[in-house]
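> structure for this input, please:
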Amino acid sequence: MKKTIFTFVFFLFANIALAQKTINSVKPINTIQQLTDSIERLMQQEHIIGLMLGITTRDSVLFSGGFGYANIAIKRRVDENTLFRMGSITKMLVSLGAMKLVNEGKLKLDDELKKIAPELAFQNNWEATNPLRIVNLLEHTSGFDDIKLNRMYAADAKENTSFEQMLVHKNSMICRWKPSERFAYSNPNYAILGYLIEKITGTPYNVYLQENIMSQIGMLHSNFNLNSKYPQEDVTEYIVKSGQAVPVKSVTLLSGAQGALWSSSADMLQLLQLFLRNGSPIFPLNTIAEIETSHSSLSAKCGQKNGYGLGNEIDFCNTAKYPFRGHNGLTGTCFSGCKYNRELGIGYVLASNCNNNNAKIEGLIVEYLERNLPNKPLVARAIDPQKIAPFLGRYQFESPRNAISGFADKLQNAPEIYLESNKLYFKPFLGEASELIQTSDMTFAWRGSNTPMICFTKNDDGENVLLIGGSYFEKTSNFWAIFKRVTLIFAILLALSSVVFGIFSLLRAIFGKTTWKTALPH
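Numbers count the residues shown, from 1 in each chain. Here you go, the predicted model:
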C-alpha cells in the first residue's frame, strides 16, 4: 500500500527532491561496488536495519543480494532469497493477472462492474451515465475513498476468503465523483479485482497468479501471506526509535490483492525482466505498453497518457534524466520499490524492514543506472496567450485520496497559474513558482523534467480544470481560496483556545479558585 496519505503533487516534489539532494551531495558513482558502498553508508546514516536490492537489464542480473540484518537477534543477514513484504507492488501482479484474462477474452477493461459482480453493493450516483468499469479499478479512477485505518491491519492471523477480504472495504465503495474523471489512489479497488479474478477463474487470486504468471517466470519462493509465516525466510520488521531498532509483530493485512506479496530480490528480478522484455514469454507484445498507459481519467482523454496506468505508476519524471515506471509499496514497516525503464532496458527492486522510505537510496540507484546517458530533452512549443487565457488563475485540489483527511491535502494544494512575459508559471499557494513548458496542445511539463504531466481542459460541466498526472484541480478564485483557509485557521485557533480555557478553568476549580459548577461546561 502506498506510503502516505498525500497527493500526487506532494509526492512529485517532496520525494524526488529528497533523492536529488542526495545525488548532489555524493561523488559520482560509476561501478556497482561504488553504488553498494554508498548504499551501506546511507543505511548507517538512515538507521536502516536490513535492505534487499536487485538490479537487472533485460537479460543480465547486475546485482542481487542484501545488506544488513533480516533478524538482529540471531544475526541473520539479508541475502537474495530473504522475503520482504512488497506492499502495493502486489498490484503489478494483479494487473498482469487481469490482463491475462483480457487477452484470453474472459474480461474486458470496459466491462461494467455491476454486470460482472451484481452481488457487490457499491454506490455510484452517476451509474446511468458514467458506469463503474474494470479499468476504473485498475487505474484508481473509481472515486472510491481509500482504505480506512481500522480496515487495514488486524492483530490476529485469520485468513479470509477473497469475498470477505473485499467486503472489509465496503464502507469505502462509494463514488465521490463521476468514475473516469479523476485519479485518487484507493486500495479497495484491488481488493475487488482480487475477488473478480477468483470469480472468473474459480481459483483464488493468489493461486491463479502463482500458477499462471509467477511459476512461469521463475518466481518460485514468493507468496501472498497476509502475515509472516516463514521465520527462516521472512524478514523481521523493526521500527527505529532514537537510533535503536525495536522489533515489531508482523501484523495481518486484511485484504491480500492490494498488498500481500512477500518476495526476494532473486524473484523480483524475474518480474522486472518480464516487463523489460515486453511481457515475453507470457503476454502479447503490446500488453506491457497497455499496462503503462493511462486510459480512463479525464487527463487521459485529453491526451495525457503518462499518469497511473493499470497497476503501474510513473516516477523520477522531474529530476532524473529518464522516467521510470513500476510501483512503490508499504506494508507493516517494509518500504519497497520496483522500477524500470523499457526504453533503456534497465530496472531495480529494493525493500527495507524498518520505517524508512528509501528515497535517498533510490536516488543513488537511478543516478548509477543513468550515469552514461544524455538528458532526454522535451521539445517545447510556443504558448498561445489567447488559448491559455481562460485557464489562468487560482485552482483548488479536488481529488483527495481520503475523504476525512482530505482537507489537509486540499488546504496545501491551491496553486496559481499565471502568464508573464509569454511564459507560463505554476505557483503553489505557499512556495516558489515553477515555469511550465508546453509540449503539445494544452499539455505541459515543468522546466527541467523529462515527461509532460500537466494538462488543462474542461470537465463534463464545462468548468476549467487543471490535471497533474490525473490528479484533479478545479478553477476557483483567490477570494474563496484565501477565505476558506482563513476560516479554517480561525476555527482551529478557536477550538484550541476553548481547550486551553477549559483546562485553566478546571485547574482553578481543583485549587479552589472557582466552583465546579462554574468550571464545567453547561
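
> skipping its backbone neighbours, what lies nearest Gly65 in space?
Spatial nearest neighbour of Gly65, excluding adjacent residues (Cβ to Cβ, 6 or more residues apart in numbering): Glu80 at 5.1 Å. All C-beta atoms are positioned from the backbone trio N, CA, C, and that covers glycine.

> gap between the one you found and Phe67?
Remark: distance between Glu80 and Phe67 (Cβ to Cβ, to the nearest Å) = 11 Å.

> picking up where we left off before, A helix includes the residue nearest to Gly65, no?
No - looking at Glu80 with DSSP: H, G, I helix; E, B strand; the rest coil, it is coil, so not inside a helix.

> identify the contacts common to Glu80 and Phe67.
Both Glu80 and Phe67 are in contact with Met52, where contact means Cβ atoms under 8 Å, 6 or more residues apart in numbering.

> who has more neighbours, those two?
When Glu80 and Phe67 are compared for neighbours, Phe67 comes out ahead with 21 against 18, by other Cβ atoms under 10 Å.

> contacts only, for the closest residue to Asn171 other than its chain neighbours.
Closest residue to Asn171 apart from its sequence neighbours, by Cβ to Cβ, 6+ apart: Lys148 at 6.4 Å. By Cβ under 8 Å, 6+ apart, the contact set of Lys148 is 169, 171-172.

> and Lys148, how far is that from Ser186?
With the distance defined as Cβ to Cβ, Lys148 ends up 11 Å from Ser186.

> so what sits against both of these two?
Residues touching both Lys148 and Ser186 (Cβ under 8 Å, 6+ apart): Ser172.

> can you give me the helices for the stretch 101-250 of the chain?
Along the stretch 101-250 of the chain, the segments classed as helices by DSSP state H, counting those that start in this stretch run 113-116, 134-139, 162-167, 188-201, 205-209, 215-217.

> the shortest one - contacts with which helices or strands?
Just to be clear, that refers to helix 215-217. Applying 3 or more Cβ pairs under 8 Å, 6 or more residues apart in numbering; DSSP states H and E, one finds that helix 215-217 contacts helix 265-276.

> ok, and what's touching whichever helix or strand comes after the helix it packs on?
Going down the chain from helix 265-276, the next helix or strand is helix 287-291, by DSSP states H and E. The contact list for helix 287-291, computed with Cβ under 8 Å, 6+ apart, reads 95-96, 99, 103, 275, 278-279, 309-312, 342.

> and these, which of them are buried?
Among the contacts of helix 287-291, the ones that count as buried by 16 or more other Cβ atoms under 10 Å are 95-96, 99, 103, 275, 279, 309-312, 342.

> widest-spaced pair of those residues?
Maximum pairwise distance in the buried ones among the contacts of helix 287-291, criterion Cβ to Cβ, is 18.6 Å, between Asn103 and Arg342.

> quickly find the element holding Thr451.
Assigned by DSSP H and E, Thr451 belongs to neither a helix nor a strand.

> the spatially closest residue to it that is not a sequence neighbour: neighbouring residues, count only.
Counting by Cβ to Cβ, 6+ apart, Thr451 lies nearest to Cys317, which is 3.9 Å off, once chain neighbours are set aside. The local packing of Cys317 (other Cβ under 10 Å) involves 21 other residues.

> residue contacts, Cys317?
Going by Cβ under 8 Å, 6+ apart, Cys317 touches 12, 306, 323, 449-451, 453.

> distance of the closest residue in space to Gln216 that isn't next to it in sequence relative to Tyr205?
Nearest residue to Gln216, sequence neighbours excluded (Cβ to Cβ, 6+ apart): Ile282, at 5.6 Å. Ile282 sits 17 Å away from Tyr205, going by Cβ to Cβ.

> likewise for Ser297?
Ser297 sits at a distance of 25 Å from Tyr205 (criterion: Cβ to Cβ).

> buried residues of stretch 201-212, list them for me.
Neighbour-count burial for stretch 201-212 flags 201, 203-206, 208-210, 212 (criterion: 16+ other Cβ under 10 Å).

> end to end on it, go ahead and measure it.
End-to-end distance for stretch 201-212: 11 Å, by Cα to Cα, to the nearest Å.

> quick one: low-confidence ranges for the stretch 1-150 of the chain?
Low-confidence segments of the stretch 1-150 of the chain, defined by pLDDT under 70: 1-26.

> can we see that at 90?
Applying pLDDT under 90 to the stretch 1-150 of the chain flags residues 1-28, 147-150.

> where along it do the strands fall?
50-57, 61-71, 76-77, 84-85 (DSSP state E, counting those that start in this stretch).

> the second one pairs with which strands?
Sheet neighbours of strand 61-71, with direction, are listed as strand 50-57 (antiparallel), strand 76-77 (antiparallel) (DSSP bridges).

> between the ones you listed, which gets nearest to Ile217?
Per Cβ to Cβ, nearest to Ile217 of these: strand 50-57, 12.5 Å.

> with that, I have no additional questions.
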